[in-house]
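Peer 1: A predicted structure for the sequence below; I have some questions about it.
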Amino acid sequence: MRLHGKAIMSAGIAAFVLLVTFPLWYGGAGKPSPPDLRLDTPAIQELGEKRCVEDTAVMRSRHVQLLTAWRDEAVRKGNRTYTAADGRRFEASLSRTCLRCHSNKEQFCDQCHDYAGAKPDCFRCHVAPGEVGK
Amino acid sequence: MRSNRREFLKIAGVSALTLLVPAVLPPVRAAGNPSAPVAAARQASSPLQPLTAGRWALAVDLSKCSADCTDCTTACHQVHNVPALGNPGHEVKWIWREPFPAVFPGETHAWTGESLRRMRPPVLCNHCANPPCVRVCPTGATFQRPDGIVMMDYHRCIGCKICLAACPYGARSINFRDPRPFVQKLNPDYPTRTKGVIEKCNFCEERLARGLEPACVEACRQKALVFGDVEDPRSEIRLLLEKRVALRRRASLGTLPQVYYLL
């Protein structure tokens, strides 16, 4: 009787462990590779100094906050000039500043957003360069 | 390894040096490369030269505006990605034409002349000085700028349609369906809208920011549309308003419309 109870318990524990660790071993098999972002657009190739409005690390971690601040400044306050940390000045515009250089939305924006599972709705209204001809 | 006093002093000395290095280096780096910010500024886009005013207003010279011309509408709707939905019930309008008796119901009577009746003045958002739409908007998506432009912030609009009911001019439209597939020629510099968002004329504030006149004014071949600052006594629009009789739509409501129709 005692042996029988132990077997059931072990089976139960094993099933529990399998169930709990399921996401770890199942997800590991088809793990998507991190995106390889492409920066080789004609506009970027023409730049003498290949620099974004702010440093890459800042843009990587804070581009959402930057774009939100641009949106509020431009739409609500009518202020369309952005002064970067190093003093350079830019037009605060997703389509007229960001997308002029990063014209490859699929390879630049979408890859990373798909990987991170982020679904920004900017492009439900704003027009990406590739969409004009379609 | 046992450390004695000599070892300790060596390590302490090196540690103190590493603390000093960052304090000394940045000024040297900055002094050695003085032209870097200048070169960077040259690469950046040039700052914008916006048109500014105390209060923007538009005058429509009815003597110059021919009834069958659609240049202003075509230009405006093209610049702002206004969809051609085909269904009059779903129509999105920024600037369009209405028969004179519909535009000025208080100014016509049973014997209004045929020439006036046949007139179809262009109508648009009046950018009222006292806008009812701004007062009723629950989210602040509709607001008024200090220069008088009544703005729509599409990001904040929840499509409640209260502004639609409050506007006495029918100058606002709602997107009953996704307008994007119905835009004939996409202008990438201006966003389209989404389903459920209210929109209207914005006096081309995005063009004013770049130093350009509104698209309708630029497109009018008869020069029937005059845009300017009514608070500037030397502006063209003020000179016209001094010389000519001007009508405003439903002025008795007290909304203080800033679109003037010159007779």
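Peer 2: Perfect, thanks for sending it.

Peer 1: Next secondary structure after the worst-scoring helix or strand of chain B on mean pLDDT?
Peer 2: Using mean pLDDT, DSSP states H and E, the weakest-scoring helix or strand in chain B turns out to be helix B:36-43, at a mean of 39. Per DSSP states H and E, the first helix or strand lying C-terminal to helix B:36-43 is strand B:56-61.

Peer 1: which residues sit against that following strand?
Peer 2: The contact list for strand B:56-61 (Cβ atoms under 8 Å, 6 or more residues apart in numbering or on different chains) reads B:121-122, B:124, B:127, B:147-149, B:203, B:208, B:214, B:217, B:222-230, B:237, B:240-241, B:246, B:258-262. Every residue, glycine included, has its C-beta placed from N, CA and C.

Peer 1: and the next helix or strand after it, which residues are buried?
Peer 2: Downstream of strand B:56-61, the next assigned helix or strand under DSSP H and E is helix B:71-79. Within helix B:71-79, the residues scored as buried using 16 or more other Cβ atoms under 10 Å in any protein chain shown are B:71, B:72, B:73, B:75, B:76, B:77, B:78, B:79.

Peer 1: so who does the nearest residue to the fourth one once chain neighbours are set aside touch?
Peer 2: It refers to residue B:75. In this structure, residue B:75 finds its nearest non-sequential neighbour in residue B:219, 3.4 Å apart by Cβ to Cβ, 6 or more residues apart in numbering or on different chains. Counting by Cβ under 8 Å, 6+ apart, residue B:219 makes contact with B:71, B:72, B:74, B:75, B:76.

Peer 1: Report the spatially nearest residue to residue B:139, omitting neighbours in sequence.
Peer 2: residue B:156 (4.9 Å).

Peer 1: quick one: that neighbour and residue B:127, what's the gap?
Peer 2: Residue B:156 sits 19 Å away from residue B:127, going by Cβ to Cβ, to the nearest Å.

Peer 1: Equivalent analysis for residue A:5, please.
Peer 2: Remark: distance between residue A:5 and residue B:127 (Cβ to Cβ) = 82 Å.

Peer 1: So if I had to pick from those two, which one is more boxed in?
Peer 2: residue B:127 (26 against 9; other Cβ atoms under 10 Å in any protein chain shown).

Peer 1: show me what contacts the closest residue to residue B:92 other than its chain neighbours?
Peer 2: Nearest residue to residue B:92 in three dimensions, chain neighbours excluded: residue B:173, at 4.2 Å (Cβ to Cβ, 6+ apart). By Cβ under 8 Å, 6+ apart, the contact set of residue B:173 is B:91, B:92, B:93, B:94, B:198, B:199, B:200.
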